[in-house]
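task: produce atomic coordinates for the following.
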Amino acid sequence: MPVYHKLGQIPAKRHTVFRKPDGNLYAEELVSTEGFSSLYSLVYHCYPPTIVKHLGEPYSVEPKIAREKHLKHTSLIGFNIKPEDDYLKSRKPVLVNSDLHIVLAAPKKSMTDYFYKNSQADEMIFVHEGSGKLKTGFGDIKFSYGDYLIIPRGTIYQMEFDNEQNRLFIVESFSPLRPPKRYLNQYGQLMEHSPYCERDLRLPENLQTHDEHGDFKVLIKKQGLIYPYTYGTHPFDYVGWDGYHYPYAFSIHDFEPITGRLHQPPPVHQTFEGHNFVVCSFVPRKYDYHPDSIPAPYNHSNVDSDEVLYYVDGDFMSRKSVVKGQITLHPGGIPHGPHPGTVEKSIGKEKTDELAVMIDPFKPLMLTEDAISIEDENYHKSWQV
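Next up, the predicted model:
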């Protein structure tokens, strides 16, 4: 994150004496990325964050690959993923490669008896249905329909839902997930031509210090395994912190579309980027205003990347029979384009109300067993006249 933020109590200088009211020292922790060379925060705990009481047996949550190599336009009906009570058990990886995992989840219950930490991946949680609160030691972030929650690796968190109707589209990124470099100036500030700015970002607030001893279960994910840790003090015992490494929220509804006289290419919709992939937001917008413009996208040959679209809401003029939560995968190597009749139908239209999230990865995606279970097997034939 390019924005400096702080909450709670911190000493005037880092790495200096900072005492509790009883005279004991608070425990300072540096949470750093890329060694000591990139974004970091300094956290001050009531107790050292190293008090482990018990380490359980790790268990695998690695995706089960069903289709490693393929060249087939594919559609997944995401809302066919069945809701489950537990947050982690509800997470179903559907499309994966070595740079990212795309996950669908429909959790019904809040996390109350454990905490979770992804120690190897930044997480982008897009909230399709539901609302609630992301709880971390850095503070709380309220979320609702259309929010992207960006949770940097190493963050211990809990999801608190307002009800049982929740649908999440999740990206686990094995590289830092950040705003596009072309929208940042040399100091890390979002520039004037960026489709969003720092005012649109919602940062942690309402820091509550949990000065508690006990048995606190933290499930830590690394290299496809979950390691059950039991700590002797509450993970949210932060008395204060400052820095650039922390979770935040951004609403897709605050993304300002870039339009033109002629059809704009997908990079104008880019919202975040990781290593070897980008995330784009398609939002309601005015169509192209050249008198002879064709609003529908042209046929496109994916030469260097796969293309994933997650359909959220609205009317998609280039597709027929689109449903909420549907995922389309157009693999690199073959062309795709608008469905028959949609190009002619789009001419003269002035705006679109579509809402979607797009992922373009530059390494081929593999389909998991969970993906195959919700596949529309005839989607590749949908371009027939």
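
next, the distance between the ends of stretch 8-25.
From its first residue to its last, stretch 8-25 covers 16 Å (Cα to Cα, to the nearest Å).

go through that stretch and flag the buried ones.
8, 10, 18 (16 or more other Cβ atoms under 10 Å). Glycine gets a C-beta too; all of them are placed from N, C-alpha and C.

average model confidence for that stretch?
Across stretch 8-25, the average pLDDT comes to 97.

which residues sit against that stretch?
26, 28, 42, 44, 46, 207, 209, 238, 239, 240, 241, 242 (Cβ atoms under 8 Å, 6 or more residues apart in numbering).

quick one: these as a markdown table, columns for distance to residue 180, secondary structure and neighbour count too.
Formatted as a markdown table, those follow (distance: Cβ to Cβ, whole Å; DSSP: H, G, I helix; E, B strand; the rest coil; neighbours: other Cβ atoms under 10 Å):
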| residue | distance to residue 180 | secondary structure | neighbour count |
| --- | --- | --- | --- |
| 26 | 37 | coil | 22 |
| 28 | 33 | strand | 17 |
| 42 | 28 | strand | 19 |
| 44 | 33 | strand | 21 |
| 46 | 38 | coil | 20 |
| 207 | 30 | coil | 19 |
| 209 | 36 | coil | 17 |
| 238 | 31 | strand | 26 |
| 239 | 35 | strand | 20 |
| 240 | 32 | strand | 18 |
| 241 | 27 | strand | 26 |
| 242 | 26 | strand | 16 |
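
and the buried residues of stretch 8-25, which is closest to residue 316?
residue 8 (45.0 Å; Cβ to Cβ).

name the nearest residue to the closest one, sequence neighbours excluded.
Nearest residue to residue 8, sequence neighbours excluded (Cβ to Cβ, 6 or more residues apart in numbering): residue 240, at 3.0 Å.

the one you found reaches residue 44, doesn't it?
Yes - counting by Cβ atoms under 8 Å, residue 240 touches residue 44, with 5.0 Å between them.

on that earlier part again, can you tell me which of the buried residues of stretch 8-25 are in strands?
residue 8 (DSSP state E).

any stretches of the stretch 201-350 of the chain with poor pLDDT?
The stretch 201-350 of the chain contains residues with pLDDT under 70 at 317-320.

quick revisit: export the buried residues of stretch 8-25 to JSON lines and tack on distance to residue 58?
What follows is the buried residues of stretch 8-25, written out as JSON lines (distance: Cβ to Cβ, whole Å):
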{"residue": "8", "distance to residue 58": "33"}
{"residue": "10", "distance to residue 58": "35"}
{"residue": "18", "distance to residue 58": "35"}
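
let me know the closest of the buried residues of stretch 8-25 to residue 302.
residue 8 (47.4 Å).

and that closest one, how far from residue 206?
11 Å (Cβ to Cβ, to the nearest Å).

what of residue 135?
Taken as Cβ to Cβ, the span from residue 135 to residue 206 is 10 Å.

skipping its backbone neighbours, what lies nearest residue 148 in space?
Per Cβ to Cβ, 6+ apart, closest to residue 148 is residue 250, 4.8 Å.

and residue 370, which of the three is it?
Counting by DSSP: H, G, I helix; E, B strand; the rest coil, the backbone at residue 370 sits in helix.

burial check on it, number of neighbours?
Number of residues near residue 370 (other Cβ atoms under 10 Å) recorded here: 19.

what residues does residue 45 make contact with?
26, 27, 28, 29, 233, 237, 238, 239.

pairing partners for it in the sheet, please.
residue 27, residue 238 (DSSP bridges).

where's the residue nearest to residue 148, which helix or strand?
strand 248-251 (DSSP states H and E).

now do that strand: which elements does it pack against?
Applying 3 or more Cβ pairs under 8 Å, 6 or more residues apart in numbering; DSSP states H and E, we find strand 248-251 packed against strand 139-143, strand 147-151.
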